[in-house]
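Undergrad: Coordinates only, no sequence provided:
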């Protein structure tokens, strides 16, 4: 007896629903890893990771279950093969997405001069690890760590470091120039801006929300991100308290700020 079309589609939808449920669990676990560990908010916004995650999300939650819906027919001779191909494609795409996200994850929040910078794993080439202290030649899998950087060498070498010329990346990207963030607290304290200066680029309500949540904050410094610049709140000792989703400058200030910080 030939199965009715309604029954065939019911079986297909059931198989696709099971596939979707499994995919939801995988996507949920990935979201926890990304937004709680590798890219704790608001670093996900600052680095622009949502675009890559959205691509992985679409492949995992839409394409896989949709293909299952299309190919699934009970008692089909090639069903096991067809589903195996779909799963392999989905796993391969997911593995590539996770690898890309892991390579772009922030590993250091580096203080240099008068700001912090987000340093991603793929910002650090192997050559930048030469002569790096042991504690800075390995990268955390549990989120970025605070660190400070300082240039070394003569005046010309320092200028070349600043502009990322033949000596390699800019200063914040070179672990050989790192030292413990605690040693930089006095410099951070001196460089920190008054909280009132946040009002030029932010709504007072938003500022008040963060100041209420972090009452020990007495100042701030900018955090340079790949997608969005943000603010690091600083306590009275010069220690970084929290990254918050506030703007350090107005749009009108951006062009002169970028030039002076290069």
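TA: Nice, thanks for sending it over. From a predicted model like this one, the values you see are computed outputs, not experimental measurements.
Undergrad: make it CA atoms for all contacts and neighbour counts henceforth
TA: Fine.
Undergrad: Can you give me the neighbour number for the closest residue to residue 195 other than its chain neighbours?
TA: Counting by Cα to Cα, 6 or more residues apart in numbering, residue 195 lies nearest to residue 219, which is 5.1 Å off, once chain neighbours are set aside. If you count neighbours by other Cα atoms under 10 Å, residue 219 ends up with 25.
Undergrad: can you give me the helices for the protein?
TA: 5-32, 43-47, 50-58, 64-71, 79-103, 155-162, 185-191, 204-213, 251-261 (DSSP state H).
Undergrad: which parts of the fourth one are buried?
TA: Residues of helix 64-71 classed as buried under the neighbour-count rule (16 or more other Cα atoms under 10 Å) are 64, 65, 66, 67, 68, 69, 71.
Undergrad: now do the first one
TA: Using 16+ other Cα under 10 Å as the test for burial, helix 5-32 gives 9, 11-13, 15-17, 19-20, 23, 27, 30-31.
Undergrad: Lowest pLDDT pick from those?
TA: Across those, the bottom pLDDT score, 65, is held by residue 9.
Undergrad: Show me where this structure dips below the pLDDT cut-off.
TA: 1-9, 152-169, 252-262 (pLDDT under 70).
Undergrad: Okay, domains of it per the record?
TA: 5-103, 106-184, 192-262 (automatic domain parsing).
Undergrad: burial measure for the residue found closest to residue 243 once you drop the neighbours it is linked to in the chain, as a count.
TA: Closest residue in space to residue 243, ignoring its immediate chain neighbours: residue 232 at 4.5 Å, by Cα to Cα, 6+ apart. Residues lying near residue 232 (other Cα under 10 Å) number 24.
Undergrad: With residue 179 instead?
TA: Residue 179 has 20 neighbouring residues, counting by other Cα under 10 Å.
Undergrad: Residue 74 reaches residue 11, doesn't it?
TA: Yes. If you go by Cα atoms under 8 Å, residue 74 and residue 11 touch, sitting 7.1 Å apart.
Undergrad: what's the closest non-adjacent residue to residue 123?
TA: In space, and not counting its chain neighbours, residue 123 is closest to residue 173: 6.4 Å by Cα to Cα, 6+ apart.
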